[in-house]
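# Can you look at this prediction? I've put the sequence above it.
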Amino acid sequence: MMTNNNNIEDQRWKLLDKERFQTFFDSDGRLVKEHEFRKAVFKGGINSNLRPQAWKYLFGFYPPLLSKTEQETIDVERKLCYDFMCERCEKEMPEELRSQLSHLSANKVKEPLSPNEIFFSIQQRIEAYKPKLNWNEMDRHVRLIAKDLHRTDFISSEKRPDNYNYGPLTRLLVAFASYHPNIGYSQGMNDMAHCFLHVFSFNEHEAYFCFAYYITQSGEHFTEKGIAHKIKQLPKLVEIVDQLLYDRILSLNVELWTFCHRWLFLCFRREFAEEEDTLICFEVVCSHFLEENSLAAERLLHDIQLRRAEQKGISSYSSSISMEGHSKSNEELGCSFDLFVCIAMISLFRSCLFDANDELEALEAIQQRQKTLDVRQVLSLAEQLFKIYCLQMTSMTAPSTIETSSYEIID
């Protein structure tokens, strides 16, 4: 098991601010340093004042190589498209379904459009009305949405605000389920959708398209098959990076993986006391900077293999064989970064496991410590655990003798 370095968090932690964010763009407003942008998000999260702007790039609202002028066009087009999508859902939804969603109507006063906006309006109306919507299939989704709206986790440390307007959340979820029938709606999406609405100050079209990007990219979180696959990988990963902890979990017969189901399902949305911490954890995971097949992971593996060759006095080596073996192992385990966040949280609960006499005591102790973890410590440890995993996969040395701090994620 790796040693606990007290300064790990300090070495890692620096929120992305506006000044550094601007260095990732060229003079025309194009995001030309996307890798550096995602690394900055991964290494510290985003300053809350910058978050609405940065999330548009993190969650695909703006493709990276669009100029500022092109981005302004995208903004107009997407706002019009979303309005037409909501309009269509309200008009075409059968009355028996619409009666279950009292907050669906927007009651917006349409503002006059400029000549350019009139052209975009015609174009986006065609786009919004082009797909065939299956209202028979939507029946189940509408019922679930209506049921879940009032269960939404608004702010991790607070209760639902008084006089909360459910309209934006209702329209966003209905529009997504209607236009993505292969995914539809699953419980938990309401919490994630509110997260996006909260960040974008309830600017619905921005929240919708970023939410849709996240769900379509990470849709396995909201399917039983996808979650089951991820949870199946966790014991294998724990065994690789922390054999002692793995043995203790087995000896107690603790079903820790039931905790991990919720952690993965909502991307740790309910595991930290402060809303800011939940957002930072979410955006770090969604940076996809350090995980299976990412450029940073490939470079880390290359660095590890090179140092191993140097230690053995080998002047040159071929990485293709070891990388091939690692890719095969990776294919079996599917090591995305959120899994290492899970392992980090389990590891930080290790005293609950080692002090307990049985499974019940261990689970009660963990339950009592919910929302007590520090997000910086969790994310820093997750990164170190990923490095241990890479070291193990390249057969460098046993985990008890690893000095992971000497391996940095390089540019």
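Thanks, I have the structure now.
# Now do Thr152, the pLDDT please.
Per-residue pLDDT puts Thr152 at 88.
# you'd agree it is up against His194?
Yes - counting by C-beta atoms under 8 Å, Thr152 does reach His194; the two are 5.2 Å apart. Quick note: C-beta positions are derived from backbone N, CA and C, even for glycine.
# Neighbour count for the two, which is higher?
His194 (25 against 16; other C-beta atoms under 10 Å).
# So which residue is dead centre in this protein?
Centroid-nearest residue in the chain: Cys286, 3.8 Å away (criterion: C-alpha atoms, centre = their mean).
# Would you mind stating the distance between that one and Ser351?
From Cys286 across to Ser351, the span is 30 Å (C-beta to C-beta, to the nearest Å).
# go on, Ile145?
Ile145 sits 41 Å away from Ser351, going by C-beta to C-beta.
# could you say what helices and strands the host helix or strand of Arg88 packs with?
Applying DSSP states H and E as the criterion places Arg88 in helix 68-92. Here helix 68-92 touches helix 115-129, helix 167-179, helix 204-217, going by 3 or more C-beta pairs under 8 Å, 6 or more residues apart in numbering; DSSP states H and E.
# Determine the three-state secondary structure at Ile183.
Here Ile183 is recorded as coil under DSSP: H, G, I helix; E, B strand; the rest coil.
# Now for it, how many residues are close by?
Counted with other C-beta under 10 Å, residues neighbouring Ile183 total 17.
# residues in contact with it?
By C-beta atoms under 8 Å, 6 or more residues apart in numbering, Ile183 lies in contact with 176-177, 215-216, 219, 222.
# Could you verify my assumption that Arg350 touches Tyr246?
No - contact criterion C-beta under 8 Å: Arg350 and Tyr246 do not qualify, at 11.0 Å.
# Name the residue in the two with the higher neighbour count.
For the pair Arg350 and Tyr246, the greater number of neighbours falls to Tyr246 (18 against 15), based on other C-beta under 10 Å.
# Quickly note the distance from the more buried one to Ile240.
Look at Tyr246 and Ile240: by C-beta to C-beta, they are 9 Å apart.
# Phe120 now?
When distance is defined by C-beta to C-beta, Phe120 is 52 Å away from Ile240.
# where does Asn357 land in three-state SS?
Look at Asn357: counting by three-state DSSP, its state is coil.
# Touching, Thr278 and Val284? I think so.
No - judged on C-beta under 8 Å, Thr278 makes no contact with Val284 at a distance of 11.0 Å.
# Quick check: neighbours shared by Thr152 and His194?
Overlap of the contact sets of Thr152 and His194 (by C-beta under 8 Å, 6+ apart) consists of Leu169.
# where does this protein have low pLDDT?
1-12, 107-109, 154-162, 219-221, 292-334, 395-411 (pLDDT under 70).
# Can you get me a residue count around Gly184?
Gly184: 17 surrounding residues under other C-beta under 10 Å.
# Can you report phi and psi for it?
Phi and psi for Gly184, reported as degrees, to the nearest 10, are phi 70, psi -140.
# Next: Arg20.
Here is the backbone geometry of Arg20 (degrees, to the nearest 10): phi -70, psi -30.
# which one is it nearest to, not counting chain neighbours?
Nearest in space to Arg20, with sequence neighbours left out and distances taken as C-beta to C-beta, 6 or more residues apart in numbering, is Ala40 at 6.5 Å.
# What helices and strands are in contact with the helix or strand the one you found falls within?
Under DSSP H and E, the secondary-structure element containing Ala40 is helix 34-44. Packing contacts for helix 34-44, counted by 3+ C-beta pairs under 8 Å, 6+ apart, involve helix 18-22, helix 51-58, helix 275-286, helix 295-311.
# Distance from the chain centre to it, please.
Remark: helix 34-44 is offset 14 Å from the chain centroid, using C-alpha atoms, centre = their mean, to the nearest Å.
# Correct me if wrong: Phe200 contacts Cys210.
Yes - counting by C-beta under 8 Å, Phe200 touches Cys210, with 7.4 Å between them.
# Overlap of the contact sets of these two?
Residues touching both Phe200 and Cys210 by C-beta under 8 Å, 6+ apart: Trp55.
# OK, contacts around Arg88?
Here Arg88 is in contact with 128-129, 133 (C-beta under 8 Å, 6+ apart).
# how near is it to Asp139?
Distance, Arg88 to Asp139, using C-beta to C-beta: 17 Å.
# cool, Asn203 as well?
Asn203 is 30 Å from Asp139, by C-beta to C-beta.
# can you check Gln53 too?
When Gln53 is compared with Asp139 (using C-beta to C-beta), they lie 38 Å apart.
# Can you list the buried residues in stretch 200-208?
For stretch 200-208, a neighbour-count test (16 or more other C-beta atoms under 10 Å) marks 200, 202, 204-208 as buried.
# buried stuff in whichever strand or helix holds Arg248?
Secondary structure from DSSP H and E places Arg248 in helix 243-252. For helix 243-252, burial by neighbour count (16+ other C-beta under 10 Å) applies to 245-246, 248-249, 252.
# What is the burial count for the closest residue in space to Val285 that isn't next to it in sequence?
Spatial nearest neighbour of Val285, excluding adjacent residues (C-beta to C-beta, 6+ apart): Asp338 at 5.0 Å. If you count neighbours by other C-beta under 10 Å, Asp338 ends up with 22.
# do the same with Leu97
For Leu97, the count of nearby residues is 19 (other C-beta under 10 Å).
# what's the answer for Gln53, then?
Around Gln53 there are 12 other residues, counting by other C-beta under 10 Å.
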